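>>> Requesting a structural model of the entry that follows:
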Amino acid sequence: MSRESNTTSTRPLLGQDARRGPLRDGDRVQIRDPKGRLHTIVLQAGGRFQTNRGTLLHDEVIGRPDGQVILTPEGKQFQILRPLLSDYVMSMPRGAAVVYPKDAGTIVQMGDIFPGARVVEAGVGSGALAMSLLSAVGEHGHLISVERREEFAEIARGNVDLWFGRAHPAWDLRVGDAADVLASLEEGSVDRVVLDMLAPWENLQAVAHALTPGGVLLCYIATVTQMSRLVEDLRSSGDFTDPIAWETLQREWHLDGLAVRPEHRMVAHTGFLLTARRLAPGVDPQERDVRPAKSAEGLDGMWDHEDGWSDEAVGARVPSDKKLRKVRRDLKAKVDVLVATDEDAASGGPLASDEQAEGQRNE
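So this is what the prediction gives:
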């Protein structure tokens with residue numbers, strides 16, 4: 001198992017100071033064109049944003065307050081705003097599928113991720129959930145993120161560092177096995193555990209070791225079969241309260257004069273969320289007054305002999321090696337510029353742009 005720890009950067013901006021005040025050279029902004037398409041760029045003195053709808057000069061934006069509407073020489077209006085975390089997540093480079101903002105927000109709230117909390121996240125993917133967890137625990141909390149695949153960890157590192165502008169002091173990213181990391185921690189030292197993985201039931205014993213009594217286990221799973229197996233194993237372990245499971249659906253509304261109605265498209269099922277809390281050691285779970293039939297409850301271990309668990313079997317998208325190499329290469333180039341910017345700031349030199357202008361469409 002390898003471990004990456006963050007060091008304090010010379011760049012001070014991390015929280016509110018990076019999100020307020022006039023737009024600066026090096027700030028990331030989101031441009032909304034006349035057709036409603038969204039583009040993410042990094043402001044650069046002397047830079048130019050060119051589309052078939054018009055041209056926007058970066059110098060016309062730098063120094064102005066956030067929330068501008070710029071009229072181009074072609075007579076087109078462009079709306080300029082600093083992107084929200086949800087905007088960044090949906091447009092950032094990705095290797096593995098991301099946890100959607102609707103689910104990340106629910107995880108933070110229903111998992112009760114509080115400032116200063118000590119959290120373990122297993123299954124980092126592209127780093128989307130890690131950014132929400134780091135925002136919740138703050139600079140004085142501690143987030144241990146565990147990822148099995150080195151290439152996914154590298155992509156997550158790049159995305160998280162680019163969003164915060166530097167290495168987050170509360171983040172401890174490790175490459176290895178979640179069960180090994182949890183077992184290595186002091187007993188009862190973790191406040192919250194978030195598992196986003198194919199077979200979370202394989203880590204329940206290690207979770208019970210690390211999680212403090214009353215602490216929250218939250219699992220993000222894709223299919224009903226995974227949820228069924230997880231519920232069985234949680235109940236049979238005797239270490240947790242009876243689990244609760246749900247899913248969150250998101251549907252926007254069409255707003256145009258009197259035509260106010262739900263949109264025809266929506267972000268429907270992305271995953272199930274399941275929570276349970278750690279009981280005190282030696283305490284038996286509370287018995288339920290109404291119990292289902294044994295065959296319905298799965299007390300005979302209906303999943304014990306199932307050996308076909310794989311990303312492909314449960315319908316998860318598996319990125320190709322070619323795509324991963326491209327994403328890693330592009331992120332490395334951006335992070336290298338960010339590091340060069342830190343070195344310039346430390347030496348008192350001019351700040352360089354931390355990435356070239358992008359033209360990514362928000363998904």
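
>>> where along the stretch 1-150 of the chain do the helices fall?
85-91, 101-110, 128-137, 150-164 (DSSP state H, counting those that start in this stretch).

>>> May I have the first one exported as CSV, CA atoms only?
Extracted in CSV, the C-alpha atoms of helix 85-91 (Å, rounded to 0.1, in the frame of the first residue of the first chain):
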residue,chain,number,x,y,z
LEU,A,85,-18.5,22.6,-7.1
SER,A,86,-21.4,20.9,-8.9
ASP,A,87,-20.5,22.6,-12.1
TYR,A,88,-16.9,21.6,-11.8
VAL,A,89,-17.7,17.9,-11.0
MET,A,90,-19.9,17.5,-14.0
SER,A,91,-17.3,18.9,-16.4
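
>>> Check which residues of that helix are buried.
86-91 (16 or more other C-beta atoms under 10 Å). (Each C-beta comes from the backbone N, C-alpha and C, glycine too.)

>>> tell me the most buried of the helices of the stretch 1-150 of the chain?
For these, ranked by mean neighbour count under the definition mean count of other C-beta atoms under 10 Å, the leader is helix 128-137 at a mean of 24.

>>> can you give me the angle it makes with helix 101-110?
With axes from the mean of the first three to the mean of the last three C-alpha atoms, to 10 degrees applied, the angle from helix 128-137 to helix 101-110 works out at 40 degrees.

>>> quick one: helix 128-137 to helix 150-164, angle?
With the same axes, to 10 degrees defining the directions, helix 128-137 sits at 50 degrees from helix 150-164.

>>> Please enumerate residues in contact with helix 128-137?
Contact partners of helix 128-137, identified using C-beta atoms under 8 Å, 6 or more residues apart in numbering, comprise 85, 88-89, 92, 94, 98-101, 104-105, 107-108, 113-119, 121, 124, 141, 143, 145, 156, 159-160, 163-164, 168, 170-171, 173, 194, 196, 220.

>>> I'd like the helices of the stretch 1-150 of the chain laid out as JSON lines, including mean pLDDT and distance to H254.
Below are the helices of the stretch 1-150 of the chain laid out as JSON lines (pLDDT from 0 to 100; distance: least, C-beta to C-beta, whole Å):
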{"stretch": "helix 85-91", "mean pLDDT": "88", "distance to H254": "20"}
{"stretch": "helix 101-110", "mean pLDDT": "93", "distance to H254": "19"}
{"stretch": "helix 128-137", "mean pLDDT": "95", "distance to H254": "27"}
{"stretch": "helix 150-164", "mean pLDDT": "91", "distance to H254": "31"}
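
>>> closest one to E232 among those?
helix 101-110 (21.7 Å; C-beta to C-beta).

>>> CA-only coordinates of that closest one in PDB, if you can.
The C-alpha trace of helix 101-110 is given here as PDB (Å, rounded to 0.1, in the frame of the first residue of the first chain):
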ATOM      1  CA  PRO A 101     -23.900  16.200  -7.000                       C
ATOM      2  CA  LYS A 102     -27.400  15.100  -5.900                       C
ATOM      3  CA  ASP A 103     -26.000  12.000  -4.200                       C
ATOM      4  CA  ALA A 104     -22.900  13.800  -2.800                       C
ATOM      5  CA  GLY A 105     -25.100  16.400  -1.100                       C
ATOM      6  CA  THR A 106     -27.300  13.700   0.300                       C
ATOM      7  CA  ILE A 107     -24.200  11.700   1.600                       C
ATOM      8  CA  VAL A 108     -22.900  14.800   3.400                       C
ATOM      9  CA  GLN A 109     -26.300  15.600   5.000                       C
ATOM     10  CA  MET A 110     -27.500  12.000   5.800                       C
END
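
>>> helices or strands up against it?
Contacts defined by 3 or more C-beta pairs under 8 Å, 6 or more residues apart in numbering; DSSP states H and E place helix 101-110 against helix 85-91, helix 128-137, strand 211-221, strand 272-277.

>>> Mind doing that once more with 6 Å?
On a contact count with 3 or more C-beta pairs under 6 Å, 6 or more residues apart in numbering; DSSP states H and E, helix 101-110 meets helix 128-137.

>>> Identify the residue nearest T212 in space, chain neighbours excluded?
Leaving aside its chain neighbours, T212 sits nearest to G188 (4.5 Å; criterion: C-beta to C-beta, 6 or more residues apart in numbering).

>>> doesn't the one you found fall inside a strand?
No - under DSSP: H, G, I helix; E, B strand; the rest coil, G188 falls outside any strand and is assigned coil.
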